[in-house]
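Colleague: attaching a predicted model along with its sequence, questions to come.
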Amino acid sequence: MQFRQKALSKLQSPEELDLPVRFARPQGRLVLAVTVTVMALASFWAFTGTVSAKLSAPGILAHADGSYLLQSPFAGQVTEVLAKEGQLLSPDAPLLRVATDRGAQVVRMVAGGRVTTLVAKTGSVLTTGADVATVERVKNPDEPLMAVLYVSGASGGTIPTGAAVDLTVQTVPQQRFGVLRGRVKAVGRTPQTAAQITGFLGDSRLAAQFTRQGNPVAVLVELERSSSTRSGYRWSSADGPPYAVDSATPVTAAVHLAAQRPVDWLLP
């Protein structure tokens, strides 16, 4: 009964049409304006802006023709070392003299190049096929370095030729001298086996490291040259390190992939 009386009373009362309309406070209008502006800018950027993607990959500094592992064709004891590390030798140049059961024999270079590592020392006992040296296939010591990256086969197809690459060099403090600049010169078509990587780098341990997650694709990076730095290459810092960088130095690369539109991620 009480509810009915309240309803009848409501119907009999006139509508309050003469009361002023209350608008939002200035603070509320400001919040609304900011929200609309942000949404408009976000929509515009989603359709016209781009997002830069990067691919991280391990690699090593090397020369274009790589290195090879020189092995002894004789079994015996090294009596004399005929070359030094860092020396540039011609093909068939003598490297070691070895005393064998057939008399003194000489281990010679297979191909010309620079001796980067001498494993055998005077007094070392060698077996047939033992590693004695690592040799870079270079004709002169001024041949430019390059970086060889090893990426997964699935990622190799996303790397375009000419892409910018930032290389963090293991022997160079990044916070002080920055990163080494380069550009992708070529991307391998097929994955590399451990034997193929060993044949190019002359180091089976590195090959095992690069193939730990499966057979990778090789990506060749041409280093950008600079006449104003001590190393001869361009760095993100003004002058780079005050010393040269060597081959066989490990690097970590950040490859700048082609820019993508964010709307491609939002729409199917």
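Modeller: Structure received. Residues are numbered from 1 along each chain as shown.
Colleague: show me the contacts for residue 232.
Modeller: 144, 225-226, 244 (C-beta atoms under 8 Å, 6 or more residues apart in numbering). All C-beta spots, glycine's among them, are computed from the backbone N, C-alpha and C.
Colleague: and it, how far from residue 100?
Modeller: Residue 232 sits 44 Å away from residue 100, taking C-beta to C-beta, to the nearest Å as the criterion.
Colleague: which one (most neighbours) among the contacts of residue 232?
Modeller: Top of those by neighbour number is residue 226, holding 15 neighbours under the definition other C-beta atoms under 10 Å.
Colleague: so what pLDDT did that one get?
Modeller: The pLDDT attached to residue 226 in the predicted structure is 92.
Colleague: can you check the one 5 residues further on too?
Modeller: The predicted structure scores residue 231 at 91 on the pLDDT scale.
Colleague: the one 5 residues further on now?
Modeller: Residue 236 is assigned a pLDDT of 94 by the prediction.
Colleague: check contacts around the nearest residue to it once chain neighbours are set aside.
Modeller: Spatial nearest neighbour of residue 236, chain neighbours left out: residue 178 (3.3 Å); criterion: C-beta to C-beta, 6 or more residues apart in numbering. With contacts taken as C-beta under 8 Å, 6+ apart, residue 178 has the following neighbours: 235-237, 240.
Colleague: before we move on, the earlier item: out of the contacts of residue 232, which is nearest to residue 205?
Modeller: Distances from residue 205 to the contacts of residue 232, taken as C-beta to C-beta, are shortest for residue 244 (24.2 Å).
Colleague: show the backbone phi and psi for the closest one.
Modeller: Backbone torsions of residue 244, given as degrees, to the nearest 10, read phi -80, psi 150.
Colleague: just checking, it touches residue 230?
Modeller: Yes - assessed by C-beta atoms under 8 Å, residue 244 is found in contact with residue 230 at 6.9 Å.
Colleague: return a PyMOL selection command for the buried portion of the contacts of residue 178.
Modeller: Selecting in PyMOL just the buried members of those, where the criterion is 16 or more other C-beta atoms under 10 Å, is done with this command:
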select buried, resi 235+240
